[in-house]
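> give me the fold of what follows.
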Amino acid sequence: MNFKDLFNTTITNDFILKNKDRAESCFRSAAKQLKVIKTDPDAHIVSLAGWRRLTMGYRGIGFCDGIPPRLKTKEVMPNVSTSKDHVIGTTLCGEIVEDLLEKNDYDFKYLIDNWLYDNLYLWGTIMVTKEQHKAKNILRNTNSLEEKIMLKHYKNINLEDLIII
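I've put the predicted structure just below:
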């Protein structure tokens, strides 16, 4: 089992249906922005790094805080300060989508119909304690997608530590 599998077992069809229009609208908008950034030399609306992290990684499907957590660590209890952590990371999420959009000639409709809903885990979050979320406890912008899916970037969280909310 890995984060992707755990995430996919916790996300419901009801959640997807309820948020479908929002997700598709935001994804479409972000995809169109990327095409302008990449193809129009006069377009300096936002930097490419900003697009990856902010436009796609945070807001790409309409949830600025990522998809609300359906998983938490064992340490998350009442009266403990918590944070939501983007498991894959907003920058890596944006890089993955950027690559796919370029390979598919910015055909966001194709990606929405054939890719998006199988890959919502890229925007998935987990609930962690503030202590677990500190920079010293998470390696940032260094691990591959495969490593992040296995939670290798966390110094103090393992897959076995996750509980379905």
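
> and the helices in this protein, which stretches?
3-10, 13-39, 48-50, 90-103, 108-114, 130-133, 145-149 (DSSP state H).

> distance from the chain centre to the first one, please.
Taking the mean of its C-alpha atoms, helix 3-10 sits 13 Å from the chain's own mean (Cα atoms, centre = their mean, to the nearest Å).

> got it, and the fifth one?
Here the centre of helix 108-114 is set off from its chain's centre by 17 Å, with Cα atoms, centre = their mean.

> other SSEs contacting it?
Secondary-structure packing of helix 108-114 (3 or more Cβ pairs under 8 Å, 6 or more residues apart in numbering; DSSP states H and E): helix 13-39, helix 90-103. Just so you know, the C-beta spots here come from the backbone N, C-alpha and C atoms, and that holds for glycine as well.

> what does the average pLDDT come to for the last one?
The pLDDT scores in helix 90-103 average 97.

> angle of it against helix 13-39?
70 degrees (axes from the mean of the first three to the mean of the last three Cα atoms, to 10 degrees).

> tell me which residues of helix 90-103 are tucked away?
Judged by neighbour count using 16 or more other Cβ atoms under 10 Å, the buried positions of helix 90-103 are 90-98, 100-101.

> who's in contact with that helix?
The contact list for helix 90-103, computed with Cβ atoms under 8 Å, 6 or more residues apart in numbering, reads 30-31, 34-35, 38, 48-49, 51-58, 60, 86, 107-108, 111, 115, 122-123, 141, 145, 148.

> tell me the contacts of the most centrally placed residue in the chain?
Nearest to the geometric centre of the chain sits residue 123, at 2.0 Å (Cα atoms, centre = their mean). Going by Cβ under 8 Å, 6+ apart, residue 123 touches 57, 60-61, 63, 66-67, 86, 88, 93.

> hang on, the earlier thing: for residue 163, which of the helices of the chain is the nearest?
Of all the helices of the chain, it is helix 3-10 that lies closest to residue 163, at 10.0 Å by Cβ to Cβ.

> helices or strands next to that closest one in the packing?
strand 71-73, helix 145-149, strand 162-164.

> out of these, which is closest to residue 12?
Taking the helices and strands packed on helix 3-10 one by one with Cβ to Cβ, strand 162-164 is closest: 11.7 Å.

> circling back to that earlier point, out of the helices of the chain, which is the most enclosed?
helix 90-103 (a mean of 19; mean count of other Cβ atoms under 10 Å).

> chain center to that one: distance?
11 Å.

> with stretch 82-102 instead?
4 Å.
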